[in-house]
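S.K.: sequence? don't have it. structure:
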């Protein structure tokens with residue numbers, strides 16, 4: 001990473017899944033503490049629609065994102081319009097839109113995206129080898145998303161490489177809370193199914209279950225049963 005503030009925070013926050021960690025979910029092993037301290041010390045400067053200032057490192061990516069500009073998009077979701085930005089290589093924006101439209105083919109996916117679209121937050125989807133959700137300057141929620149290769153997950157049918165739209169759906173469930181007001185600690189429109197799994201935390205528990213609902217409606221023929229070694233009933 002370079003020495004700019006965005007580099008330091010991307011390195012400890014987006015890749016680490018800050019929003020999940022803050023509420024006891026993914027990467028609750030201190031990733032948030034480091035990222036939060038970095039954010040407090042950083043001088044954010046200004047960020048335009050064209051460039052993340054200081055973003056000149058690869059940030060765990062095999063593509064140098066400083067070679068590309070942020071693009072703004074609008075997608076009709078029922079009666080709502082989802083406004084979001086993307087940052088990635090050529091063709092990335094089209095791939096993100098395609099994955100969003102696949103999510104919209106399910107009732108659960110449509111409900112989630114419509115609710116996110118109704119909020120007043122700012123959403124960024126940026127390329128990364130490892131998918132996760134966190135924060136970036138100027139955005140309510142930032143998702144790092146690999147549009148090429150889905151993640152391996154443990155299911156009732158064994159280990160399966162997840163389709164990329166389902167990976168994105170999982171991360172969007174994390175975004176759902178902050179994007180519909182209420183911040184990280186509640187008071188938002190996110191739908192949470194069941195109770196939190198002890199040790200795993202609420203955000204990953206709820207994201208797994210809600211994405212299982214999308215999987216069921218999409219007819220993929222399996223459901224996710226574990227996250228980071230924790231069974232999610």
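M.R.: Cool, the structure landed. In this text the structure is predicted, and so the values were computed from the model without any measurement.
S.K.: Only C-alpha atoms from now on, for both contacts and neighbour counts.
M.R.: OK.
S.K.: Give the helix, strand or coil label for residue 178.
M.R.: Remark: residue 178 carries the secondary structure label helix [criterion: DSSP: H, G, I helix; E, B strand; the rest coil].
S.K.: In a strand, residue 83, correct?
M.R.: Yes: counting by three-state DSSP, residue 83 is found in a strand.
S.K.: which residues touch it?
M.R.: For residue 83, the set of contacting residues under the criterion of CA atoms under 8 Å, 6 or more residues apart in numbering consists of 72-75, 117, 122-123.
S.K.: now residue 147
M.R.: Residue 147 makes contacts with 92, 95-96, 127, 164, as judged by CA under 8 Å, 6+ apart.
S.K.: And it, how far from residue 79?
M.R.: Look at residue 147 and residue 79: by CA to CA, to the nearest Å, they are 27 Å apart.
S.K.: where are the low-confidence patches of the chain?
M.R.: Along the chain, segments meeting pLDDT under 70 span 1-62, 182-187.
S.K.: same thing but 50
M.R.: Low-confidence regions of the chain, defined here as pLDDT under 50, cover residues 1-61, 183.
S.K.: hmm, who's touching the host helix or strand of residue 153?
M.R.: Mapping residue 153 onto the secondary structure by DSSP states H and E places it in strand 152-155. Contact with strand 152-155 is made by 159-162, 222-227, as judged by CA under 8 Å, 6+ apart.
S.K.: which other helices and strands contact the next helix or strand after that strand?
M.R.: Moving toward the C-terminus from strand 152-155, the first helix or strand encountered (DSSP H and E) is strand 158-161. Here strand 158-161 touches strand 152-155, going by 3 or more CA pairs under 8 Å, 6 or more residues apart in numbering; DSSP states H and E.
S.K.: how far out from the middle of the chain is the strand it packs on?
M.R.: In this view, strand 152-155 has its centroid 18 Å away from the chain centroid, taken as CA atoms, centre = their mean, to the nearest Å.
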